[in-house]
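Asker: I would like the atomic coordinates for the input below:
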Amino acid sequence: MTRIPVESSQIEAIGHEGGVMEVLFKHRGEGKPAPIYRYEGVPRAVFDEILASDSVGRAFNQLVKAHPRTYPYVKIDAEAPC
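Answerer: Numbers count the residues shown, from 1 in each chain. I've put the predicted structure just below:
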């Protein structure tokens, strides 16, 4: 899945494909990998609203993260720091 870089203090990039949204969070310190989470069942309209928001992190928290039963998630990977 292709992820789009975003302006956010919490999130590095987000992607969406077939109802699945991936979120690459910012690195949590030197030498620590950046966590990636996959959220299931996220409509494209919700993803687009997050991308268009003035605050990507706030929109993500309110529209997706706050609803774990609606959008179940799993940590899928971690990327090494750049």
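Asker: can you pull the contacts of the nearest residue to K26 once chain neighbours are set aside?
Answerer: For K26, ignoring the flanking residues on the chain, the nearest one in space by Cβ to Cβ, 6 or more residues apart in numbering is E12 at 5.3 Å. Any C-beta I mention is one placed from the backbone N, CA and C, and that applies to glycine too. Counting by Cβ atoms under 8 Å, 6 or more residues apart in numbering, E12 makes contact with 3, 5-6, 24-27, 34.
Asker: sec struct for the residue nearest the centre of the chain, please.
Answerer: Residue closest to the mean C-alpha point of the chain, counted by Cα atoms, centre = their mean, is V23 at 2.2 Å. Classification of V23 by DSSP: H, G, I helix; E, B strand; the rest coil places it in strand.
Asker: test my guess that it contacts I14.
Answerer: Yes - applying Cβ atoms under 8 Å as the test, V23 and I14 come out as touching, 5.3 Å apart.
Asker: would you mind listing the residues touching both of those two?
Answerer: With Cβ under 8 Å, 6+ apart as the test, V23 and I14 both reach F60.
Asker: just how off-centre is the longest helix along the chain within its chain?
Answerer: For the chain, the longest helix by residue count, based on DSSP state H, is helix 44-52. Computed by Cα atoms, centre = their mean, to the nearest Å, the chain-centroid distance of helix 44-52 equals 11 Å.
Asker: give the next helix or strand downstream of that helix.
Answerer: Next along the chain after helix 44-52, taking DSSP states H and E as the criterion, comes helix 56-60.
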